[in-house]
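In: give me a 3D structure for the following:
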Amino acid sequence: MYTLISLADFNSAVDAVKKSKKGGKHGSTSSHRSSHSSHRDSSHSGLHFPDAIYAAIFAFCIIFAVLTFLQVLRVSYRIVRKALDDDIDAIGKIFPISLFISTVLLMVSYATHGALYAIWYGNSSSQPPLPFDHHLYVAWHVLEFLTDIFLVFGLLALIRSRQSYISRSLSLCGKVMDFVLMVTMLVLSMASVSLGTRTDATARDITTARRLYIAYSALFLLAVANIKISSILLFSSSRKSSYGSAGDSCSRKIAKITLLLIVPLLTIHALYPLIWEGILASGRVIGDPSLAGVPSDHHIVTETQFDIGGLVIRCFTEFIVIELCSRMVKKAD
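Out: All right, here's what the predicted structure looks like:
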């Protein structure tokens, strides 16, 4: 889950990088640009990123797309195995489906992110964005939002399925509230994407999109808090149970994994873009038109630095969370 950057902002950033290659701050960039253009003129194919940071982002996307593909296979195998053993009720029906969908969406989002960087930054010649670029850009944001929504919804469904200690009416009330929360997050995220990725987006559209995104992020953090509270209640009730059954032991393990590992990771994942929004609000970001003439040492971060920071956090946190969820599918009884 990244902060939403408008297509116009992204295109201007790409153009700025390409223009800097024509002879900007570094004396050697002009000759490098000339050499690179001659390579392209001689029909040399391949990716040529203007800076190592873009190549690093592209590499991260491809590596984790492959790793997530392996997770898709592992999650699929464990879900099918669970179903064949007629033990799917131990984790409920919603959790494995949501986990599988989230993992597939995450894999495709990495591939889409990598493809965008290859198209926009892998070619140093200045070209207008293609309609295909725009579709990929919109898909990238949609996939990221849907990945997080399905993952959180699946975790809440797993915990609800283990809450045998509460009444049926109270359990139904909790499930309805979870569903309303997820639908609200979905509406806010898609509205934010719709406004923020328009090719003719105005400044007012971008401002509204960012506000919607902040509201979505706040609800995502609320969903993580919901997972934490529900896990505490699950652990407490299973520990106090007088039966001491295998089911109670499994519930305690699920609650422990969720509380000690999954919740902290999701909290980091949720807080990072909110911190970025705070930085944006402070007006101390390179590339912001309002910063014209401000000394470079007053700029504390660039959008590209944020992008790779968010990508690294996303890659590792979601890889670990999905791996933990996959193991819960395997071990739950």
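In: please, where are all the helices along the stretch 151-300 of the chain?
Out: Counting by DSSP state H, counting those that start in this stretch, one finds helices in the stretch 151-300 of the chain at the ranges 168-196, 203-240, 246-257, 263-282.
In: averaged pLDDT, the last one. What do you get?
Out: The average pLDDT within helix 263-282 is 85.
In: in that helix, which residues are buried?
Out: Residues Val263, Leu265, Leu266, Thr267, His269, Ala270, Tyr272, Pro273, Trp276, Glu277, Leu280 are the ones in helix 263-282 that count as buried (16 or more other Cβ atoms under 10 Å). In short, each C-beta sits where N, CA and C put it, glycine included.
In: mean pLDDT lowest for which of the helices of the stretch 151-300 of the chain?
Out: When I compare the helices of the stretch 151-300 of the chain, helix 246-257 is least confident, with a mean of 80.
In: figure out how far that helix is from the centre of its chain.
Out: 28 Å (Cα atoms, centre = their mean, to the nearest Å).
In: which elements pack onto that helix?
Out: Helices and strands touching helix 246-257, by 3 or more Cβ pairs under 8 Å, 6 or more residues apart in numbering; DSSP states H and E, are helix 131-161, helix 203-240, helix 303-331.
In: could I have it exported to CSV, CA atoms only?
Out: Only the C-alpha atoms of helix 246-257 are listed here, as CSV (Å, rounded to 0.1, in the frame of the first residue of the first chain):
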residue,chain,number,x,y,z
ALA,A,246,-6.5,-29.5,20.6
GLY,A,247,-8.8,-26.8,19.1
ASP,A,248,-8.0,-24.4,22.1
SER,A,249,-4.3,-25.1,21.7
CYS,A,250,-4.5,-24.2,18.0
SER,A,251,-6.5,-21.1,18.7
ARG,A,252,-3.7,-20.0,21.1
LYS,A,253,-1.1,-20.6,18.5
ILE,A,254,-3.0,-18.6,15.9
ALA,A,255,-3.5,-15.7,18.4
LYS,A,256,0.2,-15.7,19.3
ILE,A,257,1.4,-15.7,15.7
